[in-house]
Every structure is written in structure tokens, then in C-alpha cells.
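K.L.:
give me a model of this one.
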Amino acid sequence: MTRDAHTHGAEEICEQSLSLYTRALQEGDIPAADAADLPCAVNAGLLHPDLEDSHRLRPVPPAITLHRLLRTSAERIADERRRESQLAEALGPLMQIDNGSTAADTPTVTALGGTEQINRAISQAMADAAREVLCVQPNTHYSDRRGETAQAVAFARDQALLDRGGRIRTLYQHTLRHVPLVLARYEQLRGDAEARSLDELTDRLIMVDRTVAFIPANPDGTAALEIRHPAIVSYLATTFDRLWRLATPMYPEAVQRPTLNGITPRQQAIASLLIEGHTDAVIANRLGMNIRTARVHIAKLAATLGSESRAQLGYLIGQSGILDPEG
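P.N.:
Sure, this is the predicted structure:
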């Protein structure tokens, strides 16, 4: 390694310098020649010349080094903030000038990659929120440990919005009404938070102040789209509002859905999908349950209607009137 080849930011501490610094702390001092190719070790304030022997370097106590570097970092951040303020003051008034190109040049759909970037974008949007957040939370996000992690990340930013006087409206899949993670969320949140549930939902959606929306960009949720196009956001908001009116309240006051002719609401949802010809696996996926649970409900539905075969079950469902909106 040469002095010219070893270059990076003046305040950065590279792995080689940190290793040399660790050795100096353990041994008390090191030969100055050992740091000849690592000027950053001295420039960053990790090592300083021995006053009694100019050919050796002594380590600066870590507490002193940390304090100095943190102070330098804080000063740099303050400088950036001042620069941001100056830019906003200089360019802000110019944003009022509409020359026909501003809207076209502003990105309205942004691709986000990775959980960290997605969470950072959502957190930033919610930090700027003044009124409300609308959410659609399908079953898949609570089926494993990732659900617990997602809840922990979301709780602080949700509570901050509620503390500012905002509100949160969330649509869950009906299978989540008794999931501990969901129940615990509403036991802990303080403020205007309300939740309803449906048997079937769209994919995940987070909408902030009806101006920006986040939706998945791939099946596993590791990519997302940040949407700021007014027409698209308005369309998504309208869809949410219509689903909200159809949904069953679950918090703050839960509503028990009625049983019709001995058929539970869950079995009614299954019956609706059965007569469309869906397989057990598709029904389970659509309603957010495992296939074994779906088959148990199908068996109970068949027993209630007196069906002896899948084909007969479809006929009996049609004859029973359980899917008739008039009851």
C-alpha cells in the first residue's frame, strides 16, 4: 500500500487505521514507521507523536478521540443545515414560477429498494404528515417474525402522528382480528386510531395525508413504489374509502358479524369463492388462512347444507340464499 493509494475522507477511520490504533492502545506506543502508509491514523487524531521520541507514536485516549470526532460531525451537520436553509431561501420563491416544465420534471413514482430504504421513506413521509394515515395490512405481514419487527418499526412513527392530532385508519384481513400483535398495537396506541376488517383485501397500502402512497413493487415486499401522482393517489384513496365502508369495525368497538341460517360469515365468504370454482388452496390464500383451516370450514359448510359432494355443495349454496344480499 502506498500513501497515494490510501485515500478517503479526512474524518473517516478505515479498518487498517483502527487495527493499528488498537495495537497502540495494547502496547502503549508503536513505531512511527508502522503508520507511514496510514496518514489517516494521525489525521483522524487516533495517534500523536511521542514528545520524547519522535520515531514513535502514542495513542490518544478513545474518550478524547470520540468526543472530538462527534463534535466535528455535529459541526458538519450544522453546516449542511445552514446550506439547506440558504438553498431553500434562494430557490423557494422560484418554485412559484410555472414555466410548464416543473410538473413534468418532478418524479411522481419512485422505486424503493430494500426494507431500510422503504422504511426510511415511509418514516419521512409520516414525519411530515399533518392529518391522517390510511393503511391496508393483509395477512402475510403478520404470519411470521417479520410482522413483529414491522410493528416495532411502525409504532413510534404512528404514535408521533397521533400525538400531533392526526388519525390512523387501518384495514386488516378478518383472520387478524385475534392476532396478538394486532391486539397489542391498539392496546398501546394512544389517540384517534381505528381499525376494520374484511375477508379479502388488496395488497399492502400506506397512504399519508392523501398526497403520497406506498405500495409493494414485488411479491416478497423487498421493493416498493412511492407514488405522488395526484390522480393515482386519489384513485387509491377512493378505493380505500369504499373498502372501509364495507368493512366490519374491530377497534375501538368490535362488531360481531351475524350468522345466517347457521352459516357463519367466514363460511359465507368461502361459499362465495366455492361457487366461482376456486380450489381449496386459492380460497385459503384469498382469505388469509392456511389450507387445513379452509378445508375444515368447507367441511362444516357442507355438513350444515347436507352436501355429499363438491358439485352438490355448489348447487346447495346457490339454493340456500346465503349469498343473497337481501338475506
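K.L.:
quick one: the strands in the stretch 101-250 of the chain?
P.N.:
For the stretch 101-250 of the chain, applying DSSP state E, counting those that start in this stretch gives strands covering 109-113, 132-137, 167-173, 192-198, 205-208, 212-216, 223-227, 248-251.
K.L.:
how is the protein carved up into domains?
P.N.:
What automatic domain parsing lists as the domains of the chain is 15-60, 64-91, 106-251, 265-320.
K.L.:
about what we covered before: with mean pLDDT and mean neighbour count added, can I get the strands of the stretch 101-250 of the chain in JSON lines?
P.N.:
For glycine as for every other residue, the C-beta is placed from the backbone atoms N, C-alpha and C. Below are these laid out as JSON lines (pLDDT from 0 to 100; neighbours: other Cβ atoms under 10 Å):
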{"stretch": "strand 109-113", "mean pLDDT": "89", "mean neighbour count": "14"}
{"stretch": "strand 132-137", "mean pLDDT": "94", "mean neighbour count": "21"}
{"stretch": "strand 167-173", "mean pLDDT": "92", "mean neighbour count": "21"}
{"stretch": "strand 192-198", "mean pLDDT": "90", "mean neighbour count": "20"}
{"stretch": "strand 205-208", "mean pLDDT": "95", "mean neighbour count": "22"}
{"stretch": "strand 212-216", "mean pLDDT": "95", "mean neighbour count": "20"}
{"stretch": "strand 223-227", "mean pLDDT": "93", "mean neighbour count": "19"}
{"stretch": "strand 248-251", "mean pLDDT": "88", "mean neighbour count": "17"}
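K.L.:
residue 68: which of these is closest?
P.N.:
Of all the strands of the stretch 101-250 of the chain, it is strand 109-113 that lies closest to residue 68, at 35.9 Å by Cβ to Cβ.
K.L.:
neighbouring contacts of that closest one?
P.N.:
118, 121, 214, 217, 222-229, 232 (Cβ atoms under 8 Å, 6 or more residues apart in numbering).
K.L.:
name the helix or strand of the chain that has the lowest mean pLDDT.
P.N.:
Least confident element among the helices and strands of the chain, by mean pLDDT, DSSP states H and E: helix 102-105 (a mean of 48).
K.L.:
so, low pLDDT: which residues of the protein?
P.N.:
Low-confidence segments of the chain, defined by pLDDT under 70: 1-12, 92, 95-107, 140-153, 257-258, 260-261, 324-327.
K.L.:
can we see that at 50?
P.N.:
Along the chain, the model assigns pLDDT under 50 to residues 1-5, 102-104, 143-145, 326-327.
K.L.:
residue boundaries of the helices in it?
P.N.:
15-27, 39-43, 62-91, 102-105, 115-127, 145-163, 180-188, 230-246, 265-274, 280-287, 291-305, 310-320 (DSSP state H).
K.L.:
okay, those helices, which one's buried deepest?
P.N.:
helix 265-274 (a mean of 20; mean count of other Cβ atoms under 10 Å).
K.L.:
what sits against the nearest residue to residue 196 once chain neighbours are set aside?
P.N.:
If the residues on either side of it in the chain are set aside, residue 196 comes closest to residue 247, at 3.5 Å by Cβ to Cβ, 6 or more residues apart in numbering. Applying Cβ under 8 Å, 6+ apart to residue 247 gives the contacts 171, 196, 197, 198.
K.L.:
geometric centre of the protein: which residue is closest?
P.N.:
Centroid check for the chain by Cα atoms, centre = their mean gives residue 119 as the closest residue, at 4.4 Å.
K.L.:
distance of it relative to residue 163?
P.N.:
Here residue 119 is placed at a distance of 20 Å from residue 163 (Cβ to Cβ, to the nearest Å).
K.L.:
also residue 67?
P.N.:
33 Å.
K.L.:
one more: residue 90?
P.N.:
Separation of residue 90 from residue 163 (Cβ to Cβ) stands at 34 Å.
K.L.:
which one of the domains of the chain lies closest to residue 259?
P.N.:
Closest among the domains of the chain, using Cβ to Cβ: domain 265-320, at 7.2 Å.
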